[in-house]
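Enquirer: give me a 3D structure for the following:
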Amino acid sequence: MALKGLTAVVILFGLGLASLDGVRCSSLQTKTCGKGQKLEDGRCQNCETNTFNDEVAHSHDFCKPCTKYHLELNENDCNVTIINCTRDADTVILCGNGCYLGYSRDECRPCSDCTHKPNKHIGRECQANDDTICCPKLNMTVVLEQNYFKCVSIENATDFTTSQKDMTTDAPQTSVKDNVTDSIMHEDSGISWLHIFVPIICVSIIVILIILVLYFRVQICNIMIRKFCKAKFLPVLQRDN
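Expert: Numbering: from 1, shown residues only. Modelled structure (predicted):
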């Protein structure tokens, strides 16, 4: 009798596995695409013309529009160099000497000339992405204070720089390279944890489903056995009585 019960359990286990053959864990997995791609209907597709995506690993279903340079604004002879947009990189606009890339990042503008303004002097030279900053006095320079550029005297600028250094002396010093490395390590760590937890969750779900299938099948089997025994032996017992 015990052997028959064990055989029944083995058969039920096989039936449970067969019924779970179609179980998938794709709903728990995150599909990621690379540069120049977007996620569409569960598959990675290339970005269309005039669009790009510069993210290494993402699940976006869209690509970003390429920056367009306004040729009609290029009337100032800035010797603009344009590197066309690709699927994995936006348009690059390089302005020639004496020009800078405007705030909208889609046109080159001539640098301001402080000497043509009354009582104005150069506090900071024109840079690739910023215009010249003019200060009211000759012995003034520009410092960054609370995200704003400010004209201060050279003496005050020296004191300001010294105080800024004193404020950051006790702070941990990290380079840009260190920050980038930490960011990459953090991203890799997140991906590795995902690869660990997803299979565990999938296996757990499969085990739970198998247990449920076995439980219900055993219950059904017990009910059928009771009915069989009642139909088979109850009339005999009644005749004997």
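
Enquirer: strands along this protein, start to end?
Expert: Per DSSP state E, the chain carries strands over the ranges 37-40, 43-46, 51-52, 64-65, 81-83, 92-94, 99-101, 108-110, 121-124, 133-135, 140-145, 148-153.

Enquirer: show the contacting residues for Thr81.
Expert: Ile93, Leu94, Gly96 (Cβ atoms under 8 Å, 6 or more residues apart in numbering). Heads up, the C-betas are built off the backbone N, CA and C, glycines and all.

Enquirer: of all those residues, which comes closest to Gln146?
Expert: Nearest to Gln146 among the contacts of Thr81, counting by Cβ to Cβ, is Ile93 at 29.4 Å.

Enquirer: now Gln146: phi and psi?
Expert: With angles defined as degrees, to the nearest 10, Gln146 sits at phi 50, psi 50.

Enquirer: so how many other residues sit close to it?
Expert: Neighbours of Gln146 under the rule other Cβ atoms under 10 Å: 5.

Enquirer: any idea how far it lies from Tyr69?
Expert: To Tyr69, Gln146 is 33 Å away according to Cβ to Cβ, to the nearest Å.

Enquirer: in stretch 65-72, what's buried?
Expert: Within stretch 65-72, the residues that qualify as buried are Cys66, Tyr69, counting by 16 or more other Cβ atoms under 10 Å.

Enquirer: quick one: the helices in the protein, in order.
Expert: Using DSSP state H, the helices of the chain run over 2-19, 154-167, 176-240.

Enquirer: rank these by mean pLDDT and give me the bottom one.
Expert: Set side by side, the helices of the chain give their lowest mean pLDDT on helix 2-19, at a mean of 48.
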